[in-house]
Each structure stands twice: as C-alpha cells, then as structure tokens.
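In: Quick one: sequence and predicted model below, then my questions.
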Amino acid sequence: MKKGPKEILVIGDRVLIIPDMGDDRSNSGLYLPKWAVEKESVQGGRIVETGPGIPLPSPNDVEQEPWKKPELNQKHIPLQARVGDYAIFLRKSAVEVKMDKETYLIVPQAALLLLIREKKQHE
C-alpha cells in the first residue's frame, strides 16, 4: 500500500485493517452481538494490505554447505484474506498503529474469524 512517499509492507501472515469504530453493525451490514461490542472482544474492518503469507523453509537449507552463499528464494503459503475483504477479528490480537492521522490495526491471520468478500460478476 502506498501512501505519499512511503510504502507500507506488511510482514508474514498479518493483515492491515482500517477498523470500524464502535458500532454494533459493520459497514457490510453484519450485526455484531452486544456482548462482543461491549467487551470489544471482536471487531470488524476493511483489509487494506496483506503480508506475503506464512514463510516456508527452503528445501536446500538442510543440504546447504556452510561456505555457500544462501539462496534468497523464500516461498510462502498464501493468506486466505485479500485486500478489500471485510474482516471480523479478535480485537485482543490486534496491534493499533497511527500513520498520517489514520488508525490501522495489524492483525495476524489466526485472529481472523470471518471474511466477507464481494462476489465478482462472472461468478
């Protein structure tokens, strides 16, 4: 995600979310139960960036000679979440950051409970 002259790079299996602020109904029309909103145990928001996924070890690492230069050919298991998805997630797992007067939450994929994705016209 580019914002001005900066670029935001999300690491690993995390997603960057613009959160909904204190409503019992999400932007996509999903009603959250009162106990969840009151205790702030779950929250919703729009995913604006995702990390590359869960890193996998290189099969060459096991047989690599210590004097050889390591290959930087990192592979990842892709995330289920995509940019533009609406996510319901566990609030206690989120880390809040502010940048350019905007509040974002960094959330690990394991804390995502539900994704709402717009269907494409040809599906």
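Out: Now that the structure is in, tell me what you want to look at. All values derive from a computational prediction rather than experimental measurement.
In: by contact count, what packs against the lengthiest strand in the chain?
Out: Here the longest strand in the chain is taken by residue count, with DSSP state E as the criterion, and it is strand 42-50. Here strand 42-50 is seen to pack against strand 14-19, strand 86-90, strand 102-108 when contacts are counted using 3 or more CB pairs under 8 Å, 6 or more residues apart in numbering; DSSP states H and E. No exception for glycine: its C-beta is placed from N, CA and C like everyone else's.
In: Output the first one as PDB, nothing but the C-alphas.
Out: Same thing as strand 14-19. Output of strand 14-19 as PDB, limited to C-alpha atoms (Å, rounded to 0.1, in the frame of the first residue of the first chain):
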ATOM      1  CA  ARG A  14      -0.500 -10.400   9.000                       C
ATOM      2  CA  VAL A  15      -3.100  -8.100   7.500                       C
ATOM      3  CA  LEU A  16      -3.500  -4.300   7.800                       C
ATOM      4  CA  ILE A  17      -7.100  -3.300   8.600                       C
ATOM      5  CA  ILE A  18      -8.900   0.100   8.800                       C
ATOM      6  CA  PRO A  19     -11.200  -0.700  11.700                       C
END
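In: who does it pair up with?
Out: strand 42-50 (antiparallel), strand 102-108 (antiparallel) (DSSP bridges).
In: No further questions, thank you.
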